[in-house]
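Colleague: curious how this folds, go ahead:
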Amino acid sequence: MSVRHRYGASGPARRIRQRGAAAVEFALVTSLLFTLLFGIMEMSRVLFYWNTATEATRLGARLAVVCNKDAAAIKSRMADMLGILSSGNIDIAYLPSGCDINSCRSVTVSITGLNVSTFIPFIPLNLDMPSFSTTLPRESMDSVNPDCS
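Modeller: Predicted coordinates:
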């Protein structure tokens, strides 16, 4: 005679009903951990873009103070450094406005309008990056520098 468990069947009958429970629990926990892992990797990628955008503005400002005014090489070098950057996202401002190579006092290089899409499963995010800006005082602003071409 079989002794019945207070909550239902006991012995082999109970084990048969519980057979797939571990697989379901494993699938639920694994999918959550997988999503969390991808989230961590994608946020790391966003921070990488953030750091690279900061360094690209610094590079652009360093080139702008030694290269010809409005040199296309500045935007090109910045875009080479950060793959998601286009020349439309880059602004180079010489101060005072309308100055020439002898009267400019400073150069401000800015990056605006960057958008990063993430690949986190079940959670699609489009993150708008903040504006990045670097200002440096004028130096020579001539194109004898080989980095200006």
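Colleague: could you pull out the strands for this structure?
Modeller: Assigned by DSSP state E, the strands in the chain fall at 90-95, 106-111, 115-117, 126-128, 132-137.
Colleague: and the longest helix anywhere in the chain, average pLDDT?
Modeller: Identified as the longest helix of the chain according to DSSP state H is helix 21-64. If you average the pLDDT over helix 21-64, you get 91.
Colleague: report all helices and strands that that helix contacts.
Modeller: Judged by 3 or more C-beta pairs under 8 Å, 6 or more residues apart in numbering; DSSP states H and E, helix 21-64 is in contact with helix 72-81, strand 90-95, strand 106-111, strand 115-117, strand 132-137. For every residue, glycine as well, the C-beta is placed using N, CA and C.
Colleague: most packed of these?
Modeller: strand 106-111 (a mean of 21; mean count of other C-beta atoms under 10 Å).
Colleague: related to what we said a few turns ago, minimum distance to residue 62: which of the strands of the chain has it?
Modeller: strand 132-137 (6.8 Å; C-beta to C-beta).
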